[in-house]
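J.: pasting a predicted model and its sequence here:
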Amino acid sequence: MFDEMMGKDGARPPYHAIERWLKTVGADALELKRLEAETLFRRIGITFAVYGEGGDPERLIPFDLIPRVFSAEEWRTLSRGITQRARALNAFLHDVYHRGEILKAGVIPENLIFRNAAFLPEMVGVEAPGKIYSHIVGIDIVRTGPDDFMVLEDNCRTPSGVSYMLENREIMMRMFPELFAGGRVLPVDNYPDMLRATLEDVAPKACRQDPTCVVLTPGPLNSAYYEHSFLADQMGVELVESRDLFVDEGLVWMRTTQGPRRVDVIYRRIDDDFLDPLVFRADSVLGVAGLMNAYRAGGVTIVSAPGAGVADDKAVYVYVPEMIRFYLGEAPILKNVPTWRCSDPDDRAHVLSHLADVVVKEVHGSGGYGMLIGPKSTAAERAAFAKKIEADPGAFIAQPTLELSTVPSLSPLGPSPRHVDFRPYALVGKEIRLTPGGLTRVALREGSLVVNSSQGGGVKDTWVLAG
């Protein structure tokens, strides 16, 4: 198992400063600082909701004080691979909603797309501004060795968590300013400016002035509402709900105290099904009637585009390396985790005979739910999952149980290794913008591989060193 801080000969070079800091501060002082950080997060109001729980479902995501560190060289490799993947995914989305060349070439099975719940026939032939469909691409990356980075999955709809990336850094700088005094840690605080620039890049053809951008939220009851309001505030744009918007003559307007104001770009944080009750779910009170007609007519840009979720389906994920070769003519820089599609008879047979060794995931699952972690499962759980797979093979994929890298994290016994993953955020507009950092999620339970906050995971500040 690869530990990102400690090697055979002591701390690896990117972590030399962290090693000195841990020895200087000591375990007792770190525990006091951890409690201080928790108080700050609670005061700021950074919580998330866990649906289906009784009582008050609002929780703090545990924040681990020991940062995760990437060297400049490591980041160069990651940034090239992330950028490449974001380009290929957007090329794929434009293709499948237009000529479908990758399907005609037999690279991806047609039924995997056209029978996919995330594929929207309503988007066929719709020209997204700049041919960009996924404007914020969150790519989940795991590490298994010094040079072994692999993509676990892609998030092309509305990847969350960026507010934690920003707040984690703010808290660390407030509590440990000495760690940042040398200027070796690259900043992440320009992300909101980069996000706003990306939104303005994709203003619709009907926009004739400086674009007006808004963040569309389902409202305060949504689990990620803090992030919605945080990003709107940081970008200096309005946070709106459906009742604040209306469509008139192919344009979207926002109700204000000074009268209606034209809206050009909507960064939506609601699902496709709820966007427009005239096109999708008629019972939706979260969307805006007529929004899709305005979008198709070029009166407004929706970020990310409706139907972008077909690119982050876990069964489609298997083919992203082929997308890179097909659209870009390049070899993939970041590898996929080996994946078996249970819809394929041979793959399914392999998975069913190796349930004790693999991780099984629902194709449309998220948040760590709907998973079977084979080595941690019981015989009864494996038998129940086998029945689910046999009943609906296309709903599942499986991957090997990886030896995820570890990073020291605070525990009652002092700094102890815990498994991590990493979600950087690529912003796709006229150019691809990438903040040097991202969200590191950590499995705080000893031995656990599940990093999701809903399953007991926490977060860390992520450092990229200048070099």
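T.: Structure received. All values reported here derive from a predicted model rather than from experimental measurement.
J.: return the per-residue confidence for residue 412.
T.: As predicted, residue 412 sits at a pLDDT of 83.
J.: quick one: it and residue 371, what's the gap?
T.: As judged by Cβ to Cβ, to the nearest Å, residue 412 and residue 371 stand 27 Å apart. Any C-beta I mention is one placed from the backbone N, CA and C, and that applies to glycine too.
J.: try residue 173
T.: Counting by Cβ to Cβ - residue 173 and residue 371 are separated by 35 Å.
J.: between these two, which one's more packed in?
T.: Set residue 173 next to residue 371 and count neighbours by other Cβ atoms under 10 Å: residue 371 wins out with 18 against 15.
J.: I figured that one hits residue 377, correct?
T.: No - counting by Cβ atoms under 8 Å, residue 371 stays clear of residue 377, with 9.7 Å between them.
J.: just for the stretch 51-200 of the chain, where's the confidence low?
T.: Filtered on pLDDT under 70, the stretch 51-200 of the chain yields the residue ranges 51-59.
J.: quick one: the helices in the stretch 1-150 of the chain?
T.: For the stretch 1-150 of the chain, the helices defined by DSSP state H, counting those that start in this stretch occupy 16-25, 27-44, 72-96, 101-104, 110-114.
J.: surely residue 422 is within a strand?
T.: Yes - assessed by DSSP: H, G, I helix; E, B strand; the rest coil, residue 422 belongs to a strand.
J.: how many neighbours does it have?
T.: When counting by other Cβ under 10 Å, one arrives at 23 neighbours for residue 422.
J.: for it, which non-adjacent residue is spatially closest?
T.: Nearest residue to residue 422 in three dimensions, chain neighbours excluded: residue 141, at 4.6 Å (Cβ to Cβ, 6 or more residues apart in numbering).
J.: got the contact list for that neighbour?
T.: Residues in contact with residue 141, defined by Cβ atoms under 8 Å, 6 or more residues apart in numbering, are 78, 149-152, 334, 421-424.
J.: can you pull out the strands in the stretch 351-467 of the chain?
T.: Ranges of strands within the stretch 351-467 of the chain are 358-362, 371-373, 396-400, 406-409, 416-423, 425-428, 432-434, 439-442, 458-464, based on DSSP state E, counting those that start in this stretch.
J.: among those, which is nearest residue 137?
T.: Closest approach to residue 137 among the strands of the stretch 351-467 of the chain is made by strand 425-428 (4.4 Å; Cβ to Cβ).
J.: that closest one: how far from the chain's middle?
T.: 10 Å (Cα atoms, centre = their mean, to the nearest Å).
J.: if I look at residue 249, what pLDDT would I see?
T.: On the pLDDT scale, residue 249 is placed at 93.
J.: quick one, phi psi at it?
T.: Dihedral pair for residue 249: phi 50, psi 50, per degrees, to the nearest 10.
J.: quick one: the helices in the stretch 251-400 of the chain?
T.: Taking DSSP H, counting those that start in this stretch as the test, the helices found in the stretch 251-400 of the chain are 291-296, 320-323, 345-353, 379-391.
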